[in-house]
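In: coordinates only, sequence not included:
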């Protein structure tokens, strides 16, 4: 065996969605401007990114996060992802803040507010900590409402979704129907090439249950912040106070004056990993199971 690459990551999940935070790897970003840094990450290091995202080290639902120092925020966050995934996830703000605080990588803030520099702007989060200050109980985000633009619902003026109510031929959005829902979603997603995803929902009294299909028909493992905002734009606020996923996780919205909504999420560290690559490994960049 000849190990020619080594990687260390902190793996996390937020409402079921997986985020791999790269702690040590051959990825080297030196650009001072975040837009240039993001371009460097997006246009270089393809082998390394594939290795971290794909099987056997990752899977189709894995998202990559690179943490860098920031001159204007608590830290800088860059994303890399599978081609059919969106290039920004609010859940990643929760995942990275949780991991950095619980691993003692950033200093504790006096007011429990942390700022995160991204290519989509600087986001502030409020963190509730345990009395011992070593566990993140919740991370609070303030998010803008989505808007309806023709047949699409637009989140943050850039991510576009198709939203539709559950068709009658699907009995319910439950795990027992997962195989049928997946097959139907794959067909539906192929119809909307300019959309970032297709969201199908069913009403459940004062809440909804939803399934989100990404561009390739893959089912998200979470209710999704984007999907919750999109549903709120289509339905009455009161109907989407809680958005449940097919897998049992949920996101709850709270109105926050004229700014938009507040969402409180909890992240969990699922592993701290060291990966190595054997130079003779024929599957160094991994593969995707479909």
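Out: Perfect, thanks for sending it. Keep in mind it's a predicted model, so treat the numbers as computed, not measured.
In: residue 235 is in contact with residue 207, isn't it?
Out: No: using CB atoms under 8 Å, residue 235 makes no contact with residue 207, being 10.6 Å away. Heads up, the C-betas are built off the backbone N, CA and C, glycines and all.
In: so how far is stretch 112-122 off the chain centroid?
Out: Taking CA atoms, centre = their mean, to the nearest Å, one finds the center of stretch 112-122 at 15 Å from the center of the full chain.
In: end-to-end on it?
Out: By CA to CA, to the nearest Å, the extent of stretch 112-122 from end to end equals 16 Å.
In: so what's residue 148 up against?
Out: 154, 233, 234 (CB atoms under 8 Å, 6 or more residues apart in numbering).
In: mind picking the one among those residues that's closest to residue 285?
Out: residue 154 (34.0 Å; CB to CB).
In: can you show me the helices along the protein?
Out: In the chain, the helices defined using DSSP state H lie at 34-43, 46-53, 90-102, 178-191, 225-234.
In: how far away from the center of its chain is the shortest one?
Out: Centroid separation between helix 46-53 and its chain, computed with CA atoms, centre = their mean, is 18 Å.
In: I'd like the average pLDDT over stretch 27-37.
Out: Stretch 27-37 shows a mean pLDDT of 94 in the predicted model.
In: what of stretch 158-167?
Out: 97.
In: low-scoring stretches of the stretch 151-290 of the chain, by residue?
Out: 237-239, 290 (pLDDT under 70).
In: just the strands from it, written as ranges.
Out: Along the stretch 151-290 of the chain, the segments classed as strands by DSSP state E, counting those that start in this stretch run 152-155, 159-165, 197-204, 207-214, 242-245, 250-256, 260-265, 267-278.
In: what are the phi and psi values for residue 132?
Out: Per-residue torsions, residue 132: phi -90, psi 0 (degrees, to the nearest 10).
In: that one: how many residues sit nearby?
Out: Residue 132 is flanked by 6 other residues according to other CB atoms under 10 Å.
In: can you check residue 152 too?
Out: The burial count for residue 152: 19, using other CB under 10 Å.
In: leaving out the residues flanking it, which one is nearest to it?
Out: Once flanking residues are discounted, residue 152 sits nearest to residue 160: 4.4 Å by CB to CB, 6 or more residues apart in numbering.
In: so that neighbour makes contact with residue 151?
Out: No: contact criterion CB under 8 Å: residue 160 and residue 151 do not qualify, at 9.5 Å.
In: which of the two has more neighbours?
Out: Neighbours per residue, other CB under 10 Å: of residue 160 and residue 151, the larger number sits with residue 160, 20 against 11.
In: what pairs with the more buried one across the strands?
Out: With DSSP bridges applied, residue 160 shows beta-bridge pairing to residue 154.
In: please tell me how far the most centrally placed residue in the chain sits from residue 63.
Out: With distances taken as CA atoms, centre = their mean, residue 89 lies nearest the centre of the chain, 3.9 Å away. For residue 89, the distance to residue 63 (CB to CB, to the nearest Å) stands at 6 Å.
In: could you do residue 154 as well?
Out: Remark: distance between residue 154 and residue 63 (CB to CB) = 21 Å.
In: what do you get for residue 28?
Out: Applying CB to CB to residue 28 and residue 63 gives a distance of 20 Å.
In: mind listing what the closest residue to residue 254 other than its chain neighbours touches?
Out: Computed as CB to CB, 6+ apart, the closest residue to residue 254 that is not its neighbour in sequence is residue 262, at 4.7 Å. Going by CB under 8 Å, 6+ apart, residue 262 touches 140, 141, 142, 143, 253, 254, 255, 256.
In: separate out the buried members of those.
Out: Buried subset of the contacts of residue 262 (neighbour count, 16 or more other CB atoms under 10 Å): 140, 141, 142, 143, 253.
In: format those residues as TSV; extra columns: distance to residue 10.
Out: Output for the buried ones among the contacts of residue 262, formatted as TSV (distance: CB to CB, whole Å):
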residue	distance to residue 10
140	21
141	20
142	25
143	24
253	28
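In: sorry, back to before: in a markdown table, list the strands of the stretch 151-290 of the chain along with distance to residue 37.
Out: A markdown table is the format used below for the strands of the stretch 151-290 of the chain (distance: least, CB to CB, whole Å):
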| stretch | distance to residue 37 |
| --- | --- |
| strand 152-155 | 24 |
| strand 159-165 | 21 |
| strand 197-204 | 26 |
| strand 207-214 | 25 |
| strand 242-245 | 32 |
| strand 250-256 | 30 |
| strand 260-265 | 26 |
| strand 267-278 | 23 |
